[in-house]
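1. This is the structure alone, sequence omitted:
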Ligand code: ASP
């Protein structure tokens, strides 16, 4: 299935709907293109630095009720946020009734998911009223299974049927209904997922994800000054970058649309004239674009290095080592290996509680010649679909690192040639990202 209609599904993040001014911008964007017929809102986000998101206020309400704190302060702040938006927009929706009902449910011990979901629920009602569109409660169209994973099939079938009449509709993000009949939420930032699910259900041509940045940047702007914007990226590249810590879109928001070939566009509510970043399944490699698409990385890894002469001849060696990690519930990130050595790269905080056990069990099970753990390693992924067709990319990357006096502690290149991964000391993290960026982008 491809996105073949001319329908555009839009999702607006919390900062895009933080106050009445932002609501007006959202309406302008929606009415400027009649193809935008479905909208998924987040709860009102921060209006200024230091402001509190409505979702956080709602979690505070829940903690207050369950841990015996003060419910009224966060509740009234949340209440005022919604009433201010309604009044400033001159709407007459009876939100007080909804708010009183939520207050009662909280006093009766409502759980965290119910409390948190009310931000999207109320914002959806407000937005629908402001636009004159239909409101569709996500609890009627987004279903979770008994193990709380999304029931993708059921959601798709029900949503498709209910939205088949083509009526412009507001569907709140972030939550749905669990098999138990209770409201259940995705993890934080989960409205992105709802938007993707709606896009799939209506076979949208495009899923527009409106936020407060004009798309993805090639590197973290806290590390590289004014990094270039990424105008086009594939889902596979984005997955590599998000896995490594670049975040704009919820990781799980890619699958529903990716699978059916619907492109996602990240756009800026405050700069709608900006084209943003287009994410799609496949993309041609343009000669005008840099060879790499982006760089991202994370600090805080440990490398468990095992050495044993003639390891290569010992069938099952790798499995035995990995099984020990598996039994401790630790997932490994990378596993570079040589003829007589094998290194397992894991997140340091996942390793910490099992460190001694792992050392003991590896020693007992495979009797290595040496077993060492190197801490404080960072992993940096340089990602780009253009790397396959450009020889010399690795050479350029490593010479840039060597010129910057950076010691490479690990190298890993996936067979897809989509990324080159290097491990460096945590203290070289920022320096490495800058060296690679300047080598390829200038
Ligand atoms: N409001 C929720 C959060 O703050 C979900 C979302 O915005 O996507 O995480």
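-> On my side now, so go ahead. Just so you know, these numbers come straight off a predicted model, no measurement behind them.

2. So which residues of the stretch 151-300 of the chain form strands?
-> 169-170, 175-177, 183-185, 206-211, 232-234, 264-268, 277-280, 294-307 (DSSP state E, counting those that start in this stretch).

3. Out of those strands, which is closest to residue 405?
-> Evaluated over the strands of the stretch 151-300 of the chain, closeness to residue 405 peaks at strand 294-307, with 18.0 Å, by Cβ to Cβ. The way it works is simple: take the backbone N, C-alpha and C, and place the C-beta from them, glycine included.

4. Tell me which of the strands of the stretch 151-300 of the chain is the most buried.
-> For these, the largest average neighbour count (mean count of other Cβ atoms under 10 Å) is found in strand 206-211, namely a mean of 26.

5. OK, now which residue of the stretch 51-200 of the chain is nearest to the ligand?
-> Across the stretch 51-200 of the chain, the shortest distance to the ligand (Cβ to the nearest ligand atom) belongs to residue 191, at 3.2 Å.

6. Poorly predicted segments of the stretch 1-150 of the chain, please.
-> The model of the stretch 1-150 of the chain has pLDDT under 70 over residues 1-4.

7. That one against the ligand: which residues are in contact?
-> 14, 42, 43, 53, 55, 119 (Cβ under 6 Å from any ligand atom).

8. what about the third one, neighbour count?
-> Put plainly, it is residue 43. For residue 43, the neighbour count with other Cβ atoms under 10 Å is 30.

9. In terms of helix, strand or coil, where does it fall?
-> coil (DSSP: H, G, I helix; E, B strand; the rest coil).

10. give the contact list for the residue of the stretch 51-200 of the chain closest to the ligand.
-> 11, 13, 40, 41, 42, 120, 172, 173, 174, 250 (Cβ atoms under 8 Å, 6 or more residues apart in numbering).

11. where's the closest residue to it other than its chain neighbours relative to residue 149, distance?
-> With Cβ to Cβ, 6 or more residues apart in numbering as the criterion, residue 191 has its nearest non-adjacent residue at 2.5 Å, and that residue is residue 173. Distance, residue 173 to residue 149, by Cβ to Cβ, to the nearest Å: 18 Å.

12. Comparing these two, which residue is more hemmed in?
-> Each of residue 173 and residue 149 has its neighbours counted (other Cβ under 10 Å); residue 173 has more, 34 against 8.

13. what's near enough to touch that one?
-> Neighbours of residue 173 in contact, by Cβ under 8 Å, 6+ apart: 11, 40, 41, 42, 120, 138, 190, 191, 192, 193, 194, 195.

14. Distance to residue 333 added to the residues you listed, as CSV?
-> As requested, these are arranged in CSV below (distance: Cβ to Cβ, whole Å):
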residue, distance to residue 333
11, 30
40, 32
41, 35
42, 31
120, 33
138, 34
190, 24
191, 28
192, 24
193, 24
194, 29
195, 29
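
15. show me where the stretch 301-442 of the chain has helices.
-> Under the criterion DSSP state H, counting those that start in this stretch, the stretch 301-442 of the chain contains helices at 317-327, 348-351, 355-366, 393-403, 429-440.

16. Please work out which of the ones you listed is packed deepest.
-> Comparing the helices of the stretch 301-442 of the chain by mean neighbour count (mean count of other Cβ under 10 Å), helix 429-440 comes out on top with a mean of 20.

17. Endpoints of stretch 360-375, how far apart?
-> Using Cα to Cα, to the nearest Å, the end-to-end distance of stretch 360-375 comes out at 18 Å.

18. And the contacts of it?
-> Contacts for stretch 360-375 (Cβ under 8 Å, 6+ apart): 302-309, 314, 317, 320-321, 324, 348, 351, 355, 359, 409.

19. Need the mean per-residue confidence for it.
-> Averaged across stretch 360-375, the pLDDT comes to 96.

20. which parts of the longest helix seen in the chain are buried?
-> Scanning the chain for the helix with the most residues, using DSSP state H, yields helix 112-131. Residues 113-131 are the ones in helix 112-131 that count as buried (16 or more other Cβ atoms under 10 Å).

21. where's whichever residue of the stretch 201-350 of the chain sits closest to the ligand relative to residue 257, distance?
-> Proximity of the stretch 201-350 of the chain to the ligand (Cβ to the nearest ligand atom) peaks at residue 250, 7.0 Å away. Taking Cβ to Cβ as the measure, residue 250 falls 12 Å from residue 257.

22. Check residue 325 too.
-> 33 Å.

23. Could you do residue 160 as well?
-> With Cβ to Cβ as the criterion, residue 160 and residue 257 are 15 Å apart.

24. Looking at the two, which is more packed in?
-> Using other Cβ under 10 Å as the criterion, residue 160 and residue 257 rank with residue 257 on top: 27 against 14.

25. That one: what's it in contact with?
-> Listed by Cβ under 8 Å, 6+ apart, the contact partners of residue 257 are 3, 196, 199, 200, 207, 263, 264.

26. and the nearest residue to it once chain neighbours are set aside, what does it touch?
-> Nearest residue to residue 257, sequence neighbours excluded (Cβ to Cβ, 6+ apart): residue 196, at 4.7 Å. Neighbour list for residue 196: 207, 253, 254, 255, 256, 257, 264 [criterion: Cβ under 8 Å, 6+ apart].

27. Throw those into TSV and include pLDDT and distance to the ligand, thanks.
-> Output for the contacts of residue 196, formatted as TSV (pLDDT from 0 to 100; distance: Cβ to the nearest ligand atom, whole Å):
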residue	pLDDT	distance to the ligand
207	97	14
253	88	9
254	87	15
255	85	16
256	88	15
257	92	16
264	96	15
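
28. Now the most centrally placed residue in the chain. Its backbone dihedrals?
-> Taking Cα atoms, centre = their mean as the criterion, residue 250 is the residue nearest the geometric centre of the chain, at 2.2 Å. With angles defined as degrees, to the nearest 10, residue 250 sits at phi -60, psi 130.
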